[in-house]
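> got a sequence here, can you model it:
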Amino acid sequence: MKLINTFTTAIIGATLISGIAVAQQDDKKFDGAYVGAEIGVDWLRFNDSATTNLGITDNSERGFYYGGVLGFRTQYDNGLVLGLEGTFGDQDTNFVAPGGTLSTDNEWSASLILGQAFGDDGNNLIYGKAGYASLRGEFTPTTGAIINDNDGGWRFGVGYERALSKSISLRTGVDYTTYGNGLTQWQGKAGLLFKF
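Numbering: from 1, shown residues only. Model prediction:
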């Protein structure tokens, strides 16, 4: 009988402990895998030397950005958040050049995320990121075939995220990317994320 009581007590204790652990894990709004969508404004700019070399008449263009995001984060008990995130997006930005048009097509990026959750409910996150981005462009000449080109560079960003529930959050942020050939990019984005 004593063995049965001990066994029953152990089962009840293990159940309570696992329940507490799950409850603590559920309090971490920025922990686990997530997927989402982003929209925003995209601003591409060539520096003066690149403008001269390429013969571009206007060295900066703004466009509309839309894309998707996929990532995984780990949130520690002190609120520190570490993660890895990938994005894929599209924008239509065109530069007029001699003999045709230089336009952007799509881009992808992979970045490390470092953030801090805060607030009484732990529903707020400020974060920074650093990573690599690749931009695909096309030169469409007035005559002849389209020429494709890919430029890669370093991306840095900052942002704020607010958890609306255990699995849904809204965020906003700014990214800066420096590509080759004198091309730089600013993006202001807003996104809706779903944790799973």
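> three-state assignment of Leu102?
Reduced to three states with DSSP: H, G, I helix; E, B strand; the rest coil, the structure at Leu102 is strand.
> does it really touch Gly137, like I thought?
Yes. Judged on CB atoms under 8 Å, Leu102 makes contact with Gly137 at a distance of 6.4 Å. Yep, even glycine has a C-beta here, placed from its N, CA and C like the rest.
> can you pull the buried residues of the helix or strand hosting Phe139?
When elements are defined using DSSP states H and E, Phe139 is found to belong to strand 124-141. Buried residues in strand 124-141, counting neighbours by 16 or more other CB atoms under 10 Å, are found at Asn124, Leu125, Tyr127, Lys129, Gly131, Ala133, Ser134, Leu135, Gly137, Phe139.
> okay if I get the residues you listed as TSV plus distance to Thr172 and pLDDT?
Compiled in TSV, the buried residues of strand 124-141 are given as follows (distance: CB to CB, whole Å; pLDDT from 0 to 100):
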residue	distance to Thr172	pLDDT
Asn124	12	97
Leu125	11	98
Tyr127	11	98
Lys129	13	98
Gly131	18	98
Ala133	19	96
Ser134	24	93
Leu135	22	90
Gly137	27	80
Phe139	33	72
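> return the closest of those with respect to Glu161.
Leu125 (4.2 Å; CB to CB).
> and the strands in the chain?
For the chain, applying DSSP state E gives strands covering 32-46, 60-75, 80-91, 94-97, 100-118, 124-141, 147-163, 168-178, 183-195.
> now do the shortest one, average pLDDT.
Confidence over strand 94-97 (mean pLDDT, whole number) is 73.
> give the buried residues for that strand.
The neighbour-count criterion (16+ other CB under 10 Å) identifies Phe95, Ala97 as the buried residues of strand 94-97.
> can you tell me the strand partners of it and which way each runs?
strand 100-118 (antiparallel) (DSSP bridges).
> in the partner strand, which residues are buried?
By neighbour count, and taking 16+ other CB under 10 Å as the criterion, the buried residues in strand 100-118 are Gly100, Leu102, Ser103, Thr104, Glu107, Ser109, Ser111, Ile113, Gly115, Ala117.
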